[in-house]
Each structure stands twice: as structure tokens, then as C-alpha cells.
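**Q** Build me a model:
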Amino acid sequence: MKYKDISKKIIELHDEDLKLRNQLIARKKLGDGYNEEMANLHNKNAKILDEIINRIGYPTIDKVGKKANEATWLIIQHSIGQPDFMRKCAKLLKDAVRKSKSNPKNLAYLTDRIAVFEGKPQLFGTQFDWNENGELSPNLFDDLEKVNQRRKSIELNTLEEQTVLIRERTKSENQSPPADFEKRKREFDEWKTSVGW
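**A** Just a heads-up that it's a prediction; the model follows:
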């Protein structure tokens, strides 16, 4: 590990993110739109991480260690209000995965998240959202058989198995579907446009 201080900073950003998420779950404020407090934290973390990336390149395992490398991905994955930053990072992460310096699962999740925000089908089925029936379901994906083949290639379970796990987790976290599905969808589309997706 070459960048011990940077590694520590990235992990701090990650921990701050998860701490806020847990607080929002406890207050039942997760799931009904993009919480403003969380959006502010995600944007702040993305700005700091972007400065780090501009200085050292993508924080790969060999540079910052495995824990900070994983933390980097989470910060990027949550930087949904920064589409250009997410796309920039996806390219860098793809190169890092090709060189075996980052986890291919992280690239799958990031690629799918960007696809969802761009209104395109996801390739790995990693992104879920509430549907009209109040259930968490995978966002649009191309073909179930192909999705499961891709998932298997990077050692993920099937999409069917993942759907069960996601729904169980949200129940255990006491998350509930939006009170007004159509309103949430409309607000989400407006928000996407406002940040440049």
C-alpha cells in the first residue's frame, strides 16, 4: 500500500456514508425518495474522492489496500447526483478490473447503476427499486438467462435468489415502499433530469 493516509480518508468517507444510512433506516427515512441529507453527503464524498483520483488515479488495491478499494466503489456507487463523475470512474474501474487491481463485481454494480439512470437495461441485474405492487424488484434488464450467465461469471447468485435476499433485507431493515408510487416515480424522473442524467 502506497497511500496510507489516503486509504484512511477513503475509509472514513465510507463509514460516514454507512452511519448516515443506518440513522435514516432507524428514523424510517430511507425509501421514500432521495433524502436531502444523504444527497448532500454523497455529493461531498464524491467531490473529495474526485480530488483523490485526480491526484493518484483510481484507488486500486495495490495503492490503497482492499478495504479502501471497496470503500472507493461504495462512494462512487452512491454518487448518483454526479453523473459525469460516475461515468469517469466506471472507465477507470474497468481498466483496474482488467488489470486485476479491483473487484469485477464492483464494476458490474456500477455499470448497472449507470445503465438504470440512463434508462438502459442492466447487464447483471444488480439494481432494484420499488414496483407498483410495493415490492422491490430488479430494474429493467436485457434477458434473464444472459443476466444469470453474467452473474455466474463473476460469482454472483442468480437474479431470482438475489431478489429474495433483497426483499428479506428490506423487511429486516423495516424499509417500506413509497406511499405514492406514481408521485415518487415522477419526482425521481425530475431529479434525474435536474442533475444531468
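**Q** When you work out contacts or count neighbours from here on, use the C-alpha atoms and nothing else.
**A** Will do.
**Q** For residue 111, which residues are in contact?
**A** The neighbours of residue 111, taking CA atoms under 8 Å, 6 or more residues apart in numbering as the test, are 90, 122, 123.
**Q** and with 10 Å instead?
**A** 77, 86-87, 90-91, 93-94, 105, 122-124, 126-127 (CA atoms under 10 Å, 6 or more residues apart in numbering).
**Q** Which of these fall within strands?
**A** Judged by DSSP state E, strands contain none of those.
**Q** I'd like these written out as TSV, with neighbour count, pLDDT and distance to residue 64 added.
**A** Shown next, in TSV, are these (neighbours: other CA atoms under 10 Å; pLDDT from 0 to 100; distance: CA to CA, whole Å):
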residue	neighbour count	pLDDT	distance to residue 64
77	21	98	18
86	23	98	20
87	15	98	21
90	21	98	18
91	13	98	19
93	24	98	14
94	20	98	17
105	17	98	18
122	24	98	29
123	24	98	29
124	28	98	27
126	22	98	26
127	21	98	27
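**Q** Now, the residues you listed that are in helices?
**A** Members of the contacts of residue 111 lying in helices (criterion: DSSP state H): 77, 86, 87, 90, 91, 93, 94, 105.
**Q** quick one: contacts for the first one?
**A** Neighbouring residues of residue 77 by CA under 10 Å, 6+ apart: 42, 46, 71, 86, 89-90, 106-107, 109-111, 113-114.
**Q** ok, it to residue 93 distance?
**A** Distance, residue 77 to residue 93, by CA to CA, to the nearest Å: 12 Å.
**Q** Identify the contacts common to these two.
**A** Shared contacts of residue 77 and residue 93, defined by CA under 10 Å, 6+ apart, comprise 106, 107, 110, 111.
**Q** Neighbours of the nearest residue in space to residue 81 that is not next to it in sequence, how many?
**A** Closest residue to residue 81 apart from its sequence neighbours, by CA to CA, 6 or more residues apart in numbering: residue 195 at 5.7 Å. Using other CA atoms under 10 Å, residue 195 is surrounded by 12 other residues.
**Q** Can you report phi and psi for residue 195?
**A** The phi and psi values for residue 195, taken as degrees, to the nearest 10, are phi -100, psi 0.
**Q** Could I get the full set of helices for the protein?
**A** Listed in chain order, the helices of the chain (DSSP H) span 4-26, 36-56, 61-64, 66-77, 83-98, 104-117, 144-153, 159-172, 181-195.
**Q** which one of those helices lies closest to residue 138?
**A** helix 159-172 (7.2 Å; CA to CA).
**Q** separation between residue 117 and residue 50?
**A** According to CA to CA, residue 117 and residue 50 sit 20 Å apart.
**Q** okay if I get the contacts of residue 111 as JSON lines plus distance to residue 189?
**A** Rendered in JSON lines, the data for the contacts of residue 111 read as follows (distance: CA to CA, whole Å):
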{"residue": "77", "distance to residue 189": "19"}
{"residue": "86", "distance to residue 189": "18"}
{"residue": "87", "distance to residue 189": "19"}
{"residue": "90", "distance to residue 189": "22"}
{"residue": "91", "distance to residue 189": "25"}
{"residue": "93", "distance to residue 189": "27"}
{"residue": "94", "distance to residue 189": "28"}
{"residue": "105", "distance to residue 189": "27"}
{"residue": "122", "distance to residue 189": "18"}
{"residue": "123", "distance to residue 189": "21"}
{"residue": "124", "distance to residue 189": "23"}
{"residue": "126", "distance to residue 189": "20"}
{"residue": "127", "distance to residue 189": "16"}
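**Q** That'll do, ta.
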